[in-house]
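Participant: my questions concern the predicted model and sequence given below.
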Amino acid sequence: MNAKSAIEGGSFAPRRCILVPPESIRVVDWNIDRGVHLAEVVGFLARLKADLIILQEVDQNTRRTGNIDVARVIAQQLKMNYVFGREFEELTQESKGSHAYQGQATLSRWPITNARLIRFREQSTFWRPHAYMPRWRVFQERLGGRIALVVDVRITGRTIHAYNLHLESRGDDRLRRAQLEEVLEDARSYRPEASLVVAGDLNLDASTAEIATALSKADFHNGMGAKHLLTRPARSFFDSGRSVDALLTRGPIRVAQLSVHREVRASDHYPLFATVDLRQGGIGT
């Protein structure tokens, strides 16, 4: 996958003439588990009326989700603009003569520009095809690697730089920390006064001391603060759930309020919903 062909999008948001910028925006971050329960995903997002939606594990043309473009369908139904970045080519999900992908999607009621991918330098070898392994769905063989999808969202004369992350689920926290550091390194290219949102499935707990220190040094604020909020339900009797999703901000914006919607069962992650204050100084957490 070359960088250009790995990004696509569309514009379905109606044109709006708003002269006064909003004081805050509503943001959703959610790993939607490929969009298998798409009707429930769209229904929940429609109820929240979010301005910026950051989604991970979004399928495109896979058999398990009915060979549809999940990101495009969500954007059309919600009347939003969107960009989709391909993370993996799903070798066991392809139909004859047609490729299948999984990736990340960022949707906005405002214009989206300057979309690009950070394909992390350090990757797990777990997903790579092996000569001795058949192409069965249970093995989930893939080409590609974990990414951050980066876009600019233009809100009435103001730009928010939004990072959509999916760090590696296989491997250890050392690998995930290395991938997160690539994002923090990239974020340093923006001026200190620039407005940044970083959200996604980190597959690690951002409230732990080591990660919290790294984020603080990079001037990022964790929308959850020091709270250990479970964002993924228990998967077995021995699993009590995990805090693996996060929403971070940097610059003159802050998360004013954040909630985890544990009543939603459309995915193996819970959606995060936040009000982000856009005023200079914001509201600290």
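Facilitator: Now that the structure is in, tell me what you want to look at. Numbers count the residues shown, from 1 in each chain.

Participant: would you state the helices of this structure in chain order?
Facilitator: 38-48, 70-78, 173-187, 209-217 (DSSP state H).

Participant: quick check: angle from the last one to helix 173-187?
Facilitator: Between helix 209-217 and helix 173-187, the angle comes out at 0 degrees (axes from the mean of the first three to the mean of the last three Cα atoms, to 10 degrees).

Participant: which other helices and strands contact helix 209-217?
Facilitator: For helix 209-217, the packing partners by 3 or more Cβ pairs under 8 Å, 6 or more residues apart in numbering; DSSP states H and E come out as helix 173-187, strand 221-222. Using the backbone N, CA and C atoms, a C-beta is placed for each residue, glycine as well.

Participant: kindly recompute the last result at 7 Å.
Facilitator: Helix 209-217 sits against no helix or strand, with contacts defined as 3 or more Cβ pairs under 7 Å, 6 or more residues apart in numbering; DSSP states H and E.

Participant: roughly how far apart are the closest residue to residue 242 other than its chain neighbours and residue 54?
Facilitator: Distances taken as Cβ to Cβ, 6 or more residues apart in numbering put residue 232 closest to residue 242, at 4.7 Å, once the chain neighbours are dropped. Note on residue 232: its distance to residue 54, by Cβ to Cβ, to the nearest Å, is 16 Å.

Participant: between those two, which has more neighbouring residues?
Facilitator: Between residue 232 and residue 54, residue 54 has the larger neighbour count (other Cβ atoms under 10 Å), namely 29 against 18.

Participant: which residues does that one contact?
Facilitator: 28, 29, 106, 162, 164, 199, 200 (Cβ atoms under 7 Å, 6 or more residues apart in numbering).

Participant: mind running it again at 6 Å?
Facilitator: 29, 106, 164, 199 (Cβ atoms under 6 Å, 6 or more residues apart in numbering).

Participant: tell me the two of those residues that are most distant?
Facilitator: 29 and 106 (10.2 Å; Cβ to Cβ).

Participant: what's near enough to touch residue 55?
Facilitator: Residues in contact with residue 55 (Cβ under 6 Å, 6+ apart) are 30, 32, 105.

Participant: helices or strands up against the least confident helix or strand in the chain by mean pLDDT?
Facilitator: Least confident helix or strand of the chain, by mean pLDDT, DSSP states H and E, is strand 142-144 with a mean of 91. In terms of contacts (3 or more Cβ pairs under 6 Å, 6 or more residues apart in numbering; DSSP states H and E), strand 142-144 is packed against strand 81-90.

Participant: do you have the strands of the stretch 51-200 of the chain handy? List them.
Facilitator: Counting by DSSP state E, counting those that start in this stretch, the stretch 51-200 of the chain has strands at residues 52-60, 81-90, 101-108, 112-119, 142-144, 147-155, 158-166, 195-201.

Participant: I am finished for the moment; much appreciated.
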